[in-house]
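> Sequence plus the predicted model coming up.
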Amino acid sequence: MSYYRRHTRTRGMLLADGTNILVFGPFEAKDDLKALPVRRWDAVRRCWVVPAPLHRAARQILERWCTAVDDRTEDVSSWVVDLFAVIPDEHLDRIYRALSVAVHPDHGGSTRLMSEVNRVHDARLAVRKS
């Protein structure tokens, strides 16, 4: 274990963003991340952007440099489907609007998550109207 990891508490995070993975980690991990064959620095979000197939390699780098890694790249459709399945019809529109604000890409959410919420909401409306 490196001196840096033993004496500091750092967290790393992986987020899914369409076909890419956003990698948030400590500055000290930059040289390892630069060694990935395909990567770019996103100055606006202050993170590394790597293609989804390099997910495992990026996670291994963060595990080397961080005391904890928060991997948020799992499939989002399961919890969205489960959520909309239990919402009563009278609360559907209100909860959809609140959830849309929270996951909208303009407010820090992801395009993938917003499209999944829209897809499941539209399916639920189709079932309700039939």
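Nice, I can see it.

> Tell me where this structure has strands.
Remark: strands of the chain, listed N- to C-terminal, are 11-17, 20-24, 40-42, 47-51, 68-72; assignment by DSSP state E.

> Tell me which of those approaches D122 most closely.
When the strands of the chain are compared by Cβ to Cβ, strand 11-17 sits nearest D122, at 21.5 Å. For the C-beta atoms, the positions are set from N, CA and C on the backbone; glycine is no exception.

> Quick one: mean pLDDT for the closest one?
The average pLDDT within strand 11-17 is 83.

> related to what we said a few turns ago, okay if I get the strands of the chain as TSV plus mean neighbour count and distance to Y96?
Listed next are these as TSV, based on neighbours: other Cβ atoms under 10 Å; distance: least, Cβ to Cβ, whole Å:
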stretch	mean neighbour count	distance to Y96
strand 11-17	18	22
strand 20-24	21	26
strand 40-42	11	30
strand 47-51	18	29
strand 68-72	14	22
